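>>> One predicted model, sequence on top.
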Amino acid sequence: MRTVKIVLVGSKDIGKTALCVAFVCGTLRKNDTDRTAPPTFNPSVEDAVYQKVANIDGELVLLRIFDLQLKENGAFDWEIVRQADVVFLTYASNSISTYVYMRNQRNVIVSHCRPGAVFRLVATRQDEPSQVPHACGERVARAIGARFVATSYESPSTITDLFIQSARAALQGEDDVEEGFGMLSVCNVCIIM
Ligand SMILES: Nc1nc2c(ncn2[C@@H]2O[C@H](COP(=O)(O)OP(=O)(O)OP(=O)(O)O)[C@@H](O)[C@H]2O)c(=O)[nH]1
Ligand SMILES: [Mg+2]
């Protein structure tokens, strides 16, 4: 069985674990005491790995999903990042600081990835009032040859599509993202902080 390694990086508290759990479990468990309340997650304290076998175009594929934590020295586990077939550079669309972090760190992260890795710039929490226009995310995505994808745990299909389509691109060795602006371009119209 072929394996696709998917790595999630980004600031704390942006929904990385929610993305992983929603995809792997197919749904998110509601709050234990109030079934109408949204699901809650404890902050992750260490890197975690999830596994799921997915049927991609008739082939069973093992997806290994690494939910990485930003360490105190400001780094991720670069060895895991280096082995990734797919990298989700993630921020929360309702948090400008998490977007600015990703905009500023994108080239550092990409520099640790292997040639040919598939990139997705993932904007989570689309069900909440947005503070970061999609245009900003799309520009950052183009700058690193990534696709921009907006997700919400209220819309599980956006999460499933994100994982399956990026894994498919990795398996096929191609990702038809339009040409970027170049690695050093910045999102001038979007500098809010
Ligand atoms: N409204 C909304 N809330 C979300 C969504 N995804 C995650 N959250 C909430 O955001 C908070 C953080 O989610 P996590 O998945 O723990 O985020 P994380 O990036 O793994 O956080 P750390 O492990 O602390 O780095 C939780 O309270 C989630 O319920 C979403 O799509 N919509
Ligand atoms: Mg987490």
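Okay, I see it. Ligands and ions are numbered 1, 2, ... in the order given.
>>> from here on, contacts and neighbour counts on C-alpha atoms
Will do.
>>> From ligand 1, how far off is the most centrally placed residue in the chain?
Geometric centre of the chain, nearest residue: Phe88, 2.9 Å, by C-alpha atoms, centre = their mean. Distance of Phe88 to ligand 1, given as C-alpha to the nearest ligand atom, to the nearest Å: 12 Å.
>>> Assign a three-state SS to that residue, would you?
strand (DSSP: H, G, I helix; E, B strand; the rest coil).
>>> give me every residue that touches it.
Going by C-alpha atoms under 8 Å, 6 or more residues apart in numbering, Phe88 touches 6-9, 119-122.
>>> With neighbour count, pLDDT and distance to ligand 1 added, can I get these in CSV?
Formatted as CSV, those follow (neighbours: other C-alpha atoms under 10 Å; pLDDT from 0 to 100; distance: C-alpha to the nearest ligand atom, whole Å):
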residue, neighbour count, pLDDT, distance to ligand 1
Ile6, 28, 98, 15
Val7, 22, 98, 13
Leu8, 22, 98, 9
Val9, 22, 98, 9
Phe119, 27, 97, 18
Arg120, 23, 98, 16
Leu121, 26, 98, 14
Val122, 28, 98, 11
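>>> Give the buried residues for the helix or strand containing Met102.
Secondary-structure element containing Met102, defined by DSSP states H and E: helix 96-111. For helix 96-111, the neighbour count (16 or more other C-alpha atoms under 10 Å) marks 96-100, 102-103, 106, 109-110 as buried.
>>> and if you look at stretch 62-74?
For stretch 62-74, a neighbour-count test (16+ other C-alpha under 10 Å) marks 62-70 as buried.
>>> Dump these into a markdown table; add secondary structure, pLDDT and distance to Gln165 as well.
Shown next, in a markdown table, are the buried residues of stretch 62-74 (DSSP: H, G, I helix; E, B strand; the rest coil; pLDDT from 0 to 100; distance: C-alpha to C-alpha, whole Å):
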| residue | secondary structure | pLDDT | distance to Gln165 |
| --- | --- | --- | --- |
| Leu62 | strand | 98 | 14 |
| Leu63 | strand | 98 | 12 |
| Arg64 | strand | 98 | 15 |
| Ile65 | strand | 98 | 14 |
| Phe66 | strand | 98 | 17 |
| Asp67 | strand | 98 | 18 |
| Leu68 | coil | 98 | 21 |
| Gln69 | coil | 96 | 24 |
| Leu70 | coil | 93 | 26 |
